[in-house]
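1. The following comprises the amino acid sequence and a computationally predicted model.
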Amino acid sequence: MEFSIAGPSLFIISHTEVGESPRRQGVGRQLLNKVVAHARANDIEILPLCSYAKSVFDKDPSLADVLK
């Protein structure tokens, strides 16, 4: 997962990529969950520019608390 720290309270996720062998095993979501947990623990918002991350945020309302 590629992201930028855009100040003390904002992460911008720009790219998520999982290799061929672990693909379709939830690895991308596990990466996203770790970033979300860190954001929640540190009062940080996430701006998902990556198409994968954006689609997960769009489909899962439980992530709205960290969405920018």
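-> Received it, and whenever you're ready, just let me know what you need.
2. CA atoms for contacts and neighbours, from now on please.
-> Fine.
3. hang on, residue 34 is in a helix, isn't it?
-> Yes: applying DSSP: H, G, I helix; E, B strand; the rest coil, one finds residue 34 inside a helix.
4. Quick check: closest non-adjacent residue to the most centrally placed residue in the chain.
-> With the centre of the chain defined as its mean C-alpha position, the nearest residue by CA atoms, centre = their mean is residue 32, 4.0 Å away. Setting aside the residues directly before and after it, residue 32 is nearest to residue 53 in space (CA to CA, 6 or more residues apart in numbering), at 7.2 Å.
5. Am I right that that neighbour falls within a helix?
-> Yes: secondary structure of residue 53, determined by three-state DSSP: located in a helix.
6. any idea how far residue 6 is from it?
-> Residue 53 is 17 Å from residue 6, where distance means CA to CA, to the nearest Å.
7. the more surrounded of these two?
-> Relative neighbour count places residue 53 above the other of residue 53 and residue 6, with 21 against 12, counting by other CA atoms under 10 Å.
8. list the contacts for the more buried one?
-> Residues touching residue 53, when contacts are defined by CA atoms under 8 Å, 6 or more residues apart in numbering, comprise 13, 16, 32.
9. quick one: least confident of those?
-> Confidence by pLDDT is poorest for residue 16 among the contacts of residue 53, given 91.
10. so who does it touch?
-> When contacts are counted by CA under 8 Å, 6+ apart, residue 16 is found next to 1, 2, 28, 50, 52, 53.
11. tell me, how many neighbours does the second one end up with?
-> Applying the criterion other CA under 10 Å, we find 10 residues in the vicinity of residue 2.
12. And the third one, by the same measure?
-> Counted with other CA under 10 Å, residues neighbouring residue 28 total 19.
13. separation between it and residue 8?
-> With distances defined as CA to CA, the gap from residue 28 to residue 8 amounts to 25 Å.
14. so where's this structure shaky on pLDDT?
-> Applying pLDDT under 70 to the chain flags residues 21-23.
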